[in-house]
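Asks: When you get a sec, could you give me coordinates for this:
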Amino acid sequence: MKKGFVITENFRRLADAQAAVEKRGAREAGIVILKGPYGVGKSELVERWAVDNKAIFVRCKETWTKRALLDELADCMGLDKRGRNSEVQARIIGRLAVDMVPLVFDEADFLIRSTAALLEIIRDITDMTGCACFLVGMELFGDTLARYGHIASRVNRVVELQRLTLADVQAACDRLAEVGIETNLVEQILRDSDGRMRLVLNAIANIEQLAAANGWKRVSVEHVKGKPLCVEFKGRALGRGAAQ
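Replies: Now for the predicted structure:
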């Protein structure tokens with residue numbers, strides 16, 4: 001499979017949210033929530049967007065304490081981690097106030113446990129710097145955050161990341177596949193993957209292996225009839241629809 005990034009409708013939704021938050025009125029209303037089902041490519045999407053926009057990208061951890069959050073941010077920014085929490089936070093705020101780059105927190109569900117203490121640290125940083133903050137989580141993340149009104153009031157946009165469209169899957173096949181994939185097979189990939197990028201990539205890889213083993217340059221539904229294109233962990237093979 002070729003290396004590369006696929007521009008999808010979800011990426012365009014994120015770009016639209018970025019444009020909106022940059023034009024916001026209240027400086028502190030700079031939080032953007034991105035939420036969606038597993039497997040649609042949230043992490044790759046936001047990581048690529050963070051690179052393009054010189055943002056600070058952090059993947060949240062289930063084991064995080066307040067200090068661990070601050071240390072990880074300091075590491076990402078090349079800052080000294082010595083001293084009290086307040087001293088490390090002050091260095092982060094000082095740097096962001098100058099650089100004014102966005103913050104991106106993937107797996108943001110881990111920021112909310114029995115309290116919103118970790119989110120409070122992020123709120124302090126964004127309030128004092130005016131930097132935009134993108135929180136990326138699962139489908140119910142927004143509902144969880146809404147319990148904390150003083151933080152929810154700072155949300156500028158909620159972006160619902162959707163399952164892939166046919167155009168998205170076609171773009172992935174065109175951009176990444178080493179062999180030609182016919183339109184009828186692209187449609188089959190969309191159905192079998194349920195629009196999840198993770199399974200789309202697995203399907204492309206499986207198709208490439210079949211093509212290499214059989215010397216095919218282009219592959220259609222007829223070539224893969226009866227063969228699963230992608231498999232879920234729960235053991236239910238996907239991709240058998242073409243065989244029926």
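
Asks: got the residue ranges for the strands in the protein?
Replies: Along the chain, counting by DSSP state E, strands occupy 31-35, 56-59, 103-106, 133-137, 155-160, 180-181, 218-219, 230-231, 237-238.

Asks: what about residue 32, how many neighbours?
Replies: A count of nearby residues for residue 32, using other CB atoms under 10 Å, gives 22. The way it works is simple: take the backbone N, C-alpha and C, and place the C-beta from them, glycine included.

Asks: ditto for residue 168
Replies: By the criterion of other CB under 10 Å, residue 168 has 23 neighbours.

Asks: Point out the most buried one among the strands of the chain.
Replies: Among the strands of the chain, strand 133-137 has the highest mean neighbour count (mean count of other CB atoms under 10 Å), at a mean of 26.

Asks: tell me the domain boundaries of this protein?
Replies: With automatic domain parsing as the criterion, the domains of the chain are listed as 9-160, 166-243.

Asks: Out of those domains, flag the one nearest residue 2.
Replies: Residue 2 lies closest to domain 166-243 among these, at 5.0 Å (CB to CB).

Asks: how far does that closest one sit from the chain's center?
Replies: Relative to the centre of its chain, domain 166-243 is centred 22 Å away, using CA atoms, centre = their mean, to the nearest Å.

Asks: Where is the longest helix in this protein?
Replies: Longest helix in the chain, counting residues (DSSP state H): helix 197-214.

Asks: which residues touch stretch 169-180?
Replies: Here stretch 169-180 makes contact (CB atoms under 8 Å, 6 or more residues apart in numbering) with 1-2, 4-8, 164, 181, 183, 186, 189-190, 193, 195, 197, 200-201, 204, 207-208, 211, 216-219.

Asks: Walking through this structure, point out its helices one by one.
Replies: Remark: helices assigned in the chain by DSSP H are 9-22, 42-52, 66-77, 85-99, 117-129, 141-145, 149-152, 166-176, 183-193, 197-214.

Asks: need those in CSV with mean pLDDT, can you?
Replies: Output for those, formatted as CSV (pLDDT from 0 to 100):
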stretch, mean pLDDT
helix 9-22, 92
helix 42-52, 92
helix 66-77, 96
helix 85-99, 97
helix 117-129, 95
helix 141-145, 92
helix 149-152, 93
helix 166-176, 97
helix 183-193, 95
helix 197-214, 95
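
Asks: how about those in a markdown table, adding distance to residue 109?
Replies: Formatted as a markdown table, the helices of the chain follow (distance: least, CB to CB, whole Å):
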| stretch | distance to residue 109 |
| --- | --- |
| helix 9-22 | 18 |
| helix 42-52 | 11 |
| helix 66-77 | 14 |
| helix 85-99 | 22 |
| helix 117-129 | 11 |
| helix 141-145 | 5 |
| helix 149-152 | 14 |
| helix 166-176 | 24 |
| helix 183-193 | 23 |
| helix 197-214 | 18 |
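
Asks: for stretch 5-22, which positions count as buried?
Replies: 5-6, 8, 10-11, 13-14, 17-18, 21 (16 or more other CB atoms under 10 Å).

Asks: show me what contacts the residue most central in space within the chain?
Replies: When CA atoms, centre = their mean is applied to the chain, the residue found nearest the centroid is residue 42 (2.1 Å). Neighbouring residues of residue 42 by CB under 8 Å, 6+ apart: 10, 34, 36, 106, 136, 161.

Asks: run the last query once more with 10 Å
Replies: Contact analysis of residue 42 by CB atoms under 10 Å, 6 or more residues apart in numbering lists 10, 14, 34-36, 106-107, 136-138, 161, 197.
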